[in-house]
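Participant: 3D, please:
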Amino acid sequence: MIPSQPIAAFLAGEGPILDVRSPAEFAQGHIPGATNLPLFADAERAEIGTLYKQQGRQAAVLRGLALVGPRMEALATALAGAPAGGQQPAHQLPTAPLRIHCWRGGMRSASVAWLADQLDLPVLLLEGGYKAYRRWVLALFERPWPLRLLGGRTGCGKTELLLAMAARGVAMVDLEGLAHHRGSSFGALGLPPQPSSEHYENLLAAALCRLEGAKAIWLEAESSQVGRCRIPAGLWRQMQAAPVLEVQRPLEQRVAHLVTIYGVQEPQALAEATHRIAKRLGPQRTSAALEAITQRDWTAACLQMLDYYDRCYDHELGQHRVCTVELGELSPAAATQQLLEQGLISTD
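Facilitator: Predicted structure coming up:
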């Protein structure tokens, strides 16, 4: 009989995680680090599901066998980790078990595990499948976490400072980095596509778990959404109650920082992002910002935006306990050193 494990033990173990759900299911969300080895393609999964509802389990199983049969050798080869096309397989770990799961820990994972077992490969199944993993993820955000927020007006270099803090051993979760978004109308420019909100939750859960036991975990002060990615409700409630360390920088420093990020973007993309907030900017500022973008006057364009973003930030900040620190033009590394010396952050 193939052994199975509950989610905590399954995640803590060694060996590659193989997700045998369909590509669309995997794309919607998966265990971070897992490899997709689908038993069925998306259309095949839909066909079998329909057959199960209309004609019952036996008809669905027979159709599944007909679909998978011709691919058995290729599937077995993938499980065994045989090189394909000259590439070394990502999961060539012969002494570690293959950790296999599907949606509910049902027939798909059991079938692939059976095949692996026939090849004398060590195998573990996830009890309850990906559905159990998702319950574990959402429950994780309801646990109390020692959150601290790093705030500051747009252009203060909060993300760069958080990364410098992490490099010194400060516990930190990069909300924007995981979301592939900088958190404004312009935030997606130059970055990879965003994950789904479901997978964003999975990534956040994995990041938090790595920091379990830390006395303080630093996050950037954000709104409830980072682009299209929604911060999980349990974590968001705790963020709203967390104290904020507000960093301040001179306006000229903030503008220069924004120009380095957005001055390399396509003017058309910048104009489209400006149009998205036109109602909030107002007609005069919108017109001035668009004209500055046309002229490639990035400093003037940034100045038109900052008034709006500063007012939004100041409104949101009023809900928190705030400690303020002036960082001037210090580099992220130097600013981190100052914060450590002042006891405002800690590596404990």
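
Participant: for the chain, which segments count as strands?
Facilitator: 4-5, 17-19, 35-36, 98-101, 123-126, 147-151, 217-220, 225-226, 229-230, 244-248, 322-326 (DSSP state E).

Participant: ignoring the adjacent residues along the chain, who's closest to residue 47?
Facilitator: residue 63 (7.0 Å; C-beta to C-beta, 6 or more residues apart in numbering). Backbone N, C-alpha and C define where each C-beta goes, glycine included.

Participant: verify the stated contact: that neighbour with residue 49.
Facilitator: No. The criterion here is C-beta atoms under 8 Å, and residue 63 misses it with residue 49 at 10.5 Å.

Participant: how about low-confidence regions in the stretch 151-300 of the chain?
Facilitator: Applying pLDDT under 70 to the stretch 151-300 of the chain flags no residue at all.

Participant: ranges for the helices of it?
Facilitator: Assigned helices in the stretch 151-300 of the chain, in chain order: 158-167, 175-179, 197-210, 233-241, 251-262, 267-276, 278-281, 283-294, 298-317 (criterion: DSSP state H, counting those that start in this stretch).

Participant: is it possible to export those to a markdown table including distance to residue 123?
Facilitator: Formatted as a markdown table, these follow (distance: least, C-beta to C-beta, whole Å):
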| stretch | distance to residue 123 |
| --- | --- |
| helix 158-167 | 36 |
| helix 175-179 | 31 |
| helix 197-210 | 23 |
| helix 233-241 | 33 |
| helix 251-262 | 47 |
| helix 267-276 | 48 |
| helix 278-281 | 55 |
| helix 283-294 | 57 |
| helix 298-317 | 49 |
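
Participant: please work out which of these is packed deepest.
Facilitator: helix 175-179 (a mean of 22; mean count of other C-beta atoms under 10 Å).

Participant: now do it: which elements does it pack against?
Facilitator: The contact analysis (3 or more C-beta pairs under 8 Å, 6 or more residues apart in numbering; DSSP states H and E) places helix 175-179 against helix 197-210, strand 217-220, strand 225-226.

Participant: export these to JSON lines and tack on distance to residue 329?
Facilitator: Listed next are these as JSON lines, based on distance: least, C-beta to C-beta, whole Å:
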{"stretch": "helix 197-210", "distance to residue 329": "30"}
{"stretch": "strand 217-220", "distance to residue 329": "20"}
{"stretch": "strand 225-226", "distance to residue 329": "27"}
